[in-house]
Structures are given as C-alpha cells and as structure tokens.
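K.L.:
Turn this into a structure:
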Amino acid sequence: MTLKFRRVAESALVAVAFSAAVPAAASTIAQNVSWTIDRPDSTAKFRVVAYGDSIFAGYHGSISSVAIWSAPNVDSEYASSKWTSDIEVIRRCKSGAKAKDIYNSKIVDDASYMEDASTRIVEFEMCGNDGLQARSSFRSQSGTCDYTPLQTALSHCTTYQSQAMTFINAHAAAGVEKKIISNLYYPGYDQDNQNADCIDSTTGTHPNLQDVFLPILLRMNWRACHTAETNGFACADTFAQFMGSDYDSNGDGKIDSRALRYKSGESEDAYVTRLGTTLRPTIRDANMHFVSATRSFDYIQSDDVHPTFEDGTIDLGPLGGSATGSGPPRFSDTRLAHGHNNIYRKFGHERMGWAISKFNPPAP
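P.N.:
The predicted model follows:
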C-alpha cells in the first residue's frame, strides 16, 4: 500500500471553475477502504460501517485512489476519542452509482460488514447520482421541458432510502448503537443560476435551472430526515452545514447553517417553502462557505461536485477496488475535547464528518 499526501487548499474568497463530474454518469466503480484508527493507549477495537457513493468513497478525480479522511473516517476519529478505543472504519462505496445500485450492491450484498459483532455505528448516503444524472438530462433538453427524469429521481431516492433503513434495521449487529443517514448538499448551485434551453409548457418561458432543481433536492432531503425519524435513524443535515453560512447573514437572529436545518414535525411542503422561498437568500454555493461575514473556505473540489478534504489519499489500484490501511488519530483527545478539531470548518469532508459525529453514542 502506498500513501500519497496532498492538501486541498482553502478558498481565498474565489469559487473554483465548473468542470464535468467524473466518473461519467453511466459509469460506476467500486472504491472500498478499510482503515483502522490505531490509538497507542487502546487494545479495544470497534467498527464503523459506511455505505455510499463517491461522497463517502472520498473521490477526488481518480479511480485509482481516494481520500483517507472522507466523512466516515472523520466521524470515526471523533468516536475513537470519545470511546478511547481503536476504530475500524469500513467504507463500502461505489462511485457513480444511483440509490438502487447502492442499496443492492453495497448495503444488501455487503451486509456482512454491518453484521459483525464489533459494529457500533452504521451510516449511509445515496441519491447524489440520481440527482446529478437527472439534472444533466434536464440541462440537455431543448423544445418543451420534460420534468419526468427529475420526478423519477425523487421517487427512486425515496424508495431506496426507505428500503435501506428497513434492511439495516433487520441486519445490523445487535451491538449497533447508532444508525445515521446523511442528506444531500447542492453542488453547482451558483452555476445553475441560469435559464434552461427548454421551454416550460405552462409558462412559455425558459425556466431557471436553480428554481427547477432546488425544490427536488429539498424534497429528497426532507424525506431522508423524515424517513430516518420513523425508522430509528439520525439524520445528519449536510445541506444545512454546507449551504448555510456560520453567521446570521439576514438579521433574523439565527445563524444561517442552523436556520436551514430540518425540523422535526414540519411538513414536506412547509420545509420546501421555508428553505426554498423564505430562507432562499441565505443559501450559498458551498464553493464559498462563509464561517464569518469576511472569511470563507472552499468545500467543493474543482469538479464542482465532491467535497474538499485534508491529509492524504490511499491507493486502490489502477481500476479501483479495495484498500486497507491504518494510522494513529490525527488530533489529540485534548484537541477534540470541545467536540471538534481545528479544521472542521475548513474542508467539506471535515464538516460532513463532524455533522455525522454529533450523533455518535457516548460509549461503544
């Protein structure tokens, strides 16, 4: 195994340029990692199992290597500190895969990983590729706009998130203390602020792409969190963490990234109206995530899709596949004593992993 270390730099208040997402819409590739956070003061070891697509895989533009510290590893580092134990992080991921494929080829086919008696946390994310591919289809349309692919993506996302939770509840080891889903951020938000080439049959105008895509994404996210509640899962609200600033930009007395969070008991339509209309001016492209009114960090890589990360990559082989590695925690328990490391607001994967870690159980 060869480790390659790189640093994804913070933004100097400049958004990165848009480029096409890789892997291509029709391509999928297994990118699996088993990484052990090996503490010098522990012989106990517990497992965190994460299923997903290129986000949890730690994709960074290559099929042959992925980020070590993608969100599941970041979350597990917090668990390791809280539990004073080693953590084996199992990431079973398929870059480019839609929700149905993640469910069938990872969650179902790779169920043995969460069935292991040492497993304490099971987490997953899906639907990003359903949304991205439906968005690409809509962008390419001319003539009369066809919204069917977007509605199909929403329907499939809803179906397979629910099936995933039901399956995990039935198959996760008895010792699992927490099950978590992460919802979706909106990559390319600013780039979508333009009119479509197709014409809406009702209005006779070219609809704004952002106006078309945002409500679909919000419905996906509400359903993810609502379904989580009804199935005993926690929901890490990555949309709020990525798309809302960490200060009160509109003077309503609430920090934007908190105001955008899912609220238990709120209806789907009310959630879509609150975020898509009332708080719409506070939604910002995650290429410039503002932690204050004057300081921002870049949460999205130059492909305008995948989260930025820190601290190296791990080789998978020229055609993807699996890799195994280990290393000590990056941060001391003292550094994590306040619930976060000192880079948790600087990189996309660090922010996502921290958001997931808020639901980690206090003991294994």
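K.L.:
Which of the helices or strands spans Lys94?
P.N.:
strand 86-95 (DSSP states H and E).
K.L.:
I figured Asp53 hits Asp130, correct?
P.N.:
No. Using Cβ atoms under 8 Å, Asp53 is not in contact with Asp130, being 9.6 Å away. Every C-beta, even on glycine, is put in place using the N, C-alpha and C of the backbone.
K.L.:
At which residues are the helices of the stretch 51-200 of the chain located?
P.N.:
54-57, 71-83, 99-101, 112-115, 128-139, 148-171 (DSSP state H, counting those that start in this stretch).
K.L.:
In TSV: those, plus distance to Leu336.
P.N.:
Formatted as TSV, the helices of the stretch 51-200 of the chain follow (distance: least, Cβ to Cβ, whole Å):
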stretch	distance to Leu336
helix 54-57	21
helix 71-83	5
helix 99-101	33
helix 112-115	25
helix 128-139	28
helix 148-171	27
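K.L.:
Among these, which comes closest to Asp311?
P.N.:
Within the helices of the stretch 51-200 of the chain, the stretch nearest Asp311 is helix 71-83; the backing value is 9.3 Å (Cβ to Cβ).
K.L.:
now for that closest one, which elements pack on it?
P.N.:
The contact analysis (3 or more Cβ pairs under 8 Å, 6 or more residues apart in numbering; DSSP states H and E) places helix 71-83 against strand 29-37, strand 45-52, helix 54-57, strand 86-95, strand 119-124, helix 348-357.
K.L.:
list the buried ones in the last one?
P.N.:
In other words, helix 348-357. Residues of helix 348-357 classed as buried by neighbour count (16 or more other Cβ atoms under 10 Å): 348-357.
K.L.:
now do the second one
P.N.:
Of all the residues in strand 45-52, those buried under the rule 16+ other Cβ under 10 Å are 45-52.
K.L.:
now stretch 252-259
P.N.:
254, 256-257, 259.
K.L.:
ends of it, how far apart?
P.N.:
In stretch 252-259, first residue to last residue: 9 Å (Cα to Cα, to the nearest Å).
K.L.:
Tell me if Met220 really is in a strand.
P.N.:
No. Assignment of Met220 by DSSP: H, G, I helix; E, B strand; the rest coil gives helix, placing it outside any strand.
K.L.:
Contacts only, for it.
P.N.:
127, 131, 154, 157-158, 183-184 (Cβ atoms under 8 Å, 6 or more residues apart in numbering).
K.L.:
can you give me the strands for the stretch 251-364 of the chain?
P.N.:
For the stretch 251-364 of the chain, applying DSSP state E, counting those that start in this stretch gives strands covering 289-290, 296-297, 313-315, 321-327.
K.L.:
wait, Val291 sits on Tyr299?
P.N.:
No. If you go by Cβ under 8 Å, Val291 and Tyr299 don't touch, sitting 10.6 Å apart.
K.L.:
Between the two, point out the one with more neighbours.
P.N.:
Shown here are Val291 and Tyr299; by other Cβ atoms under 10 Å, Tyr299 has more neighbours (29 against 15).
K.L.:
what's the closest of the buried residues of strand 45-52 to Val122?
P.N.:
Val49 (5.0 Å).
K.L.:
Show the contacting residues for that closest one.
P.N.:
By Cβ under 8 Å, 6+ apart, the contact list for Val49 reads 90, 92, 113-114, 116, 119, 121-123.
K.L.:
now Val108
P.N.:
Contacts of Val108 (Cβ under 8 Å, 6+ apart): Phe167.
K.L.:
ok, it to Gly321 distance?
P.N.:
20 Å (Cβ to Cβ, to the nearest Å).
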